[in-house]
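Participant: Sequence first, predicted model second:
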Amino acid sequence: MKTEQVTHSGKHQRKWKKEFNNVNMAERLLSLAAGGILLAKHYKHPLASPLKVLTGAFLVYRGISGNCPLYTGLDKNSNETNAINTRVIFTVNKPREEVYKYWRQLENLPFFMSHLQRVEQKNDTTSEWIAKIPGGVGTIKWNAEIVKEIPNELIGWQSVENSTIDNAGKVEFYDAPRGQGTVLKVIFSYHPPAGALGEGVAKLFNPLFKTLLKEDIRAFKQVIEAGEVATTKGQASGRK
Amino acid sequence: MRALCWNGVRDLRVERVPDPEILNPKDAIIKVTMSSVCGSDLHLINGFVPSMRAGDIIGHEFIGEVVETGVGVKNLKKGDRVVVVSVIGCGECQHCKEETWSLCDNSNPNGLLQEKIYQYPTAGIFGYSHLFGGYAGSHAEYIRVPFADHGAFKIPEDISDEKAVFVSDGVPTGYMAAEMAAVKPGDIVAVWGAGGVGQMAIQCAYAMGAERVIAIDRIDYRLAYAARYSGADILNYEDTDVLEELKEATGGRGPDCCIDAVGMEAHTTGIEHIYDKTKQLLRLESDRAAVLRQAIMACRKGGTVSVVGVYAGLVDKIPMGLFMNKGLTIRGGQMHGQRYVPMLFDLIRREIINPEFLLTHPVSLEVGQNAYEMFNNKTNKCMRAVFKPFN
Ligand SMILES: [Zn+2]
Ligand SMILES: [Zn+2]
């Protein structure tokens, strides 16, 4: 298990991956993000929301901007790596063992994490994650590692060094009061893009990322409780 | 298929839309045989509920025949004649397990949107704005019913369509109104609003042992229905001082239970109505709460106020001092239909309650706009217009 902190510094700048088409890709994604700002400001309807696309774009955008081990910074509100932590707490009406088991089976994550296409467990602790790039540009892959695990209590993971997406996460599982299911405390962490522009963009997109995470969490609750995610996508309407 | 769609404030049209399809394993497709208008539709049609979108199919109180079931549906089969509860519940979350179905955690696909307003998401409701899930409604030839095993109930053979259709929403809402009002044998109950829900609340209050139920409205024919079919004493608030009359009727004590079956578009008389209407139009107050205020004022010390009339947002000038110092209990909620349907069938079969008289106007979808205008304006002695999409 690898948990030691690597200090963030200039030498830790992202080495662009060749297959990731460096600057062009970065520019494309940045403009996608900028376009998203406009969209978010001017798009009137709160429902037909481009949030997922934008947030996904941001994930990708920031994913190519740096790579620091984040896991150990998860519990700090701010730290030297300027990681952005997003927390969601919720209760599901299922026993802790069952909830834990479902989450620990990382292959299950794409069932409720809308931006994930596939997660494949390579061995007990390492897994390969494949996410859709919004707008049908393609997919990106990274490897993540489970860095901490206490059965039925805690799972912590982070992307391995030199991943295209630099992120970490932790889920804690508690018994809910009165034996009514399980409380989950989920923390996701990612690193904002470098520089003032990056910070600005990060500020703008952090709420969107939080929304995405909340939506995914809601979907998780629906999958594990009700066996399906409530939807109206594709239903009949009189809209032309 | 043909469906009655909302296109804007007071603009309903029948449109050709694609037939609904199974989207999730626990869905069923129902061929709609009857679909009733409901007072709460008026709030949507009149533009007082946010998050309606042009093209939305409205309607939530209906019966029909099962034509298709998803792989996850166990209790229903093709050909079953069913009533579907207007509120959608997953059956598995804590609230559904506790039989508070309208509080379901999982049935509202727009839960996050609702969370922004109500802090916690509540259940999805058919044809009832995107805040409540954006589900297509029942004023159509077919409808998709999610979590169908929990929401669709087979109608006993000896119960007619004309009675069963109101078991979808009006009857359970009336029942829950009386239940929340904690009606006990010998109680005197006041019910504001003599529409479908108010009428059912009156009948259910009697079923729970109320000695006397007083119906309050301003529409004479509705009060006449309340007297004739539901056995209520009646008060027209335009002709009389409601608070004085209620004191008179209760030996100066006030009603034990007060039920608000009107909600956010309440009318009253005089300056109070003008005040509320102005604030509502200026969006300073989203809901007009004249009935709720009066119920709180009228209620006896230590009594219960039950709210089933629909509110969407904020009200003001709530007499908090009365509520607190008189030791009142106030309860409210969308009904938990899944909990009541079998018991309500039983009450209907034993003729303890009878909703059939509510069906005053069986109509086709094509006259939808007119039917709602009639219902809204209370003309032609209309209680409920009920669409028969295949007639
Ligand atoms: Zn209704
Ligand atoms: Zn539920």
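Facilitator: Okay, I see it. Ligands and ions are numbered 1, 2, ... in the order given.

Participant: Check which helices and strands the helix or strand hosting B:Glu68 is in contact with.
Facilitator: Following DSSP states H and E, one finds B:Glu68 within strand B:61-69. Judged by 3 or more C-beta pairs under 8 Å, 6 or more residues apart in numbering or on different chains; DSSP states H and E, the packing partners of strand B:61-69 are strand B:28-36, strand B:81-84, strand B:142-145. Every residue, glycine included, has its C-beta placed from N, CA and C.

Participant: cutoff 10 Å now
Facilitator: strand B:28-36, strand B:81-84, strand B:142-145, helix B:148-151, strand B:152-154, helix B:161-164, helix B:170-180, strand B:384-387 (3 or more C-beta pairs under 10 Å, 6 or more residues apart in numbering or on different chains; DSSP states H and E).

Participant: in the fifth one, what's buried?
Facilitator: Residues B:Ala152, B:Phe153, B:Lys154 are the ones in strand B:152-154 that count as buried (16 or more other C-beta atoms under 10 Å in any protein chain shown).

Participant: For it, which outside residues touch it?
Facilitator: B:28, B:30, B:63-64, B:66, B:69, B:73, B:75-77, B:80-85, B:145, B:164, B:167-168, B:337-338, B:341-342, B:344-345 (C-beta atoms under 10 Å, 6 or more residues apart in numbering or on different chains).

Participant: could I get the longest strand along chain A in PDB with only the CA atoms?
Facilitator: The strand that spans the most residues within chain A, counting by DSSP state E, is strand A:138-150. The C-alpha coordinates for strand A:138-150 follow below in PDB (Å, rounded to 0.1, in the frame of the first residue of the first chain):
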ATOM      1  CA  GLY A 138     -13.600   9.600 -27.100                       C
ATOM      2  CA  THR A 139     -12.600   8.000 -23.800                       C
ATOM      3  CA  ILE A 140      -9.800   8.400 -21.400                       C
ATOM      4  CA  LYS A 141      -8.200   5.800 -19.200                       C
ATOM      5  CA  TRP A 142      -6.400   5.900 -15.900                       C
ATOM      6  CA  ASN A 143      -5.300   3.500 -13.200                       C
ATOM      7  CA  ALA A 144      -6.400   3.800  -9.600                       C
ATOM      8  CA  GLU A 145      -5.200   2.100  -6.600                       C
ATOM      9  CA  ILE A 146      -7.000   1.300  -3.300                       C
ATOM     10  CA  VAL A 147      -4.700   2.800  -0.800                       C
ATOM     11  CA  LYS A 148      -6.700   2.100   2.400                       C
ATOM     12  CA  GLU A 149      -9.300  -0.500   3.100                       C
ATOM     13  CA  ILE A 150     -11.100  -1.500   6.300                       C
END
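
Participant: could you pull out the strands for the stretch 101-250 of chain B?
Facilitator: B:124-125, B:142-145, B:152-154, B:188-192, B:212-217, B:233-236 (DSSP state E, counting those that start in this stretch).

Participant: Direction included, what does the first one pair against?
Facilitator: Within its sheet, strand B:124-125 is paired with strand B:87-88 (antiparallel), according to DSSP bridges.

Participant: quick one: is the strand it pairs with near ligand 1?
Facilitator: No. Under the criterion of C-beta under 5 Å from the ion, strand B:87-88 makes no contact with ligand 1; the nearest approach is 9.2 Å.

Participant: wait, which of the buried residues of strand B:152-154 is closest to ligand 2?
Facilitator: Closest to ligand 2 out of the buried residues of strand B:152-154 is B:Ala152 (15.5 Å), distances taken as C-beta to the ion.

Participant: Is the closest one bridged to anything, and to what?
Facilitator: Under the criterion used (DSSP bridges), B:Ala152 bridges to B:Val84.

Participant: Now do the contacts for residue 224.
Facilitator: Just going to use chain A. Contacts for A:Ile224 (C-beta under 10 Å, 6+ apart) come out as A:92-94, A:98-99, A:102-103, A:108, A:111-112, A:181-182, B:92, B:106.

Participant: I was thinking of chain B, sorry if that wasn't clear
Facilitator: B:Ala194, B:Ile234, B:Lys381.

Participant: anything in stretch B:295-314 near ligand 1?
Facilitator: No. Judged by C-beta under 5 Å from the ion, stretch B:295-314 makes no contact with ligand 1; its nearest approach is 8.0 Å.

Participant: Run the chain-centre distance for that stretch.
Facilitator: 16 Å (C-alpha atoms, centre = their mean, to the nearest Å).

Participant: Could you write out the alpha-carbon coordinates of stretch B:301-320 in CSV?
Facilitator: The C-alpha trace of stretch B:301-320 is given here as CSV (Å, rounded to 0.1, in the frame of the first residue of the first chain):
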residue,chain,number,x,y,z
LYS,B,301,-57.8,25.1,21.7
GLY,B,302,-55.7,21.9,21.4
GLY,B,303,-57.2,21.0,18.1
THR,B,304,-55.7,19.8,14.8
VAL,B,305,-55.3,21.5,11.5
SER,B,306,-54.8,19.2,8.5
VAL,B,307,-53.5,20.5,5.2
VAL,B,308,-54.1,18.6,2.0
GLY,B,309,-54.8,21.6,-0.3
VAL,B,310,-51.6,22.1,-2.3
TYR,B,311,-49.0,24.7,-1.4
ALA,B,312,-45.8,25.1,-3.5
GLY,B,313,-43.7,27.7,-1.8
LEU,B,314,-44.1,30.6,0.6
VAL,B,315,-47.0,32.1,2.4
ASP,B,316,-47.1,35.0,4.9
LYS,B,317,-49.3,36.4,7.7
ILE,B,318,-49.6,33.0,9.3
PRO,B,319,-51.1,33.6,12.8
MET,B,320,-48.2,31.9,14.7
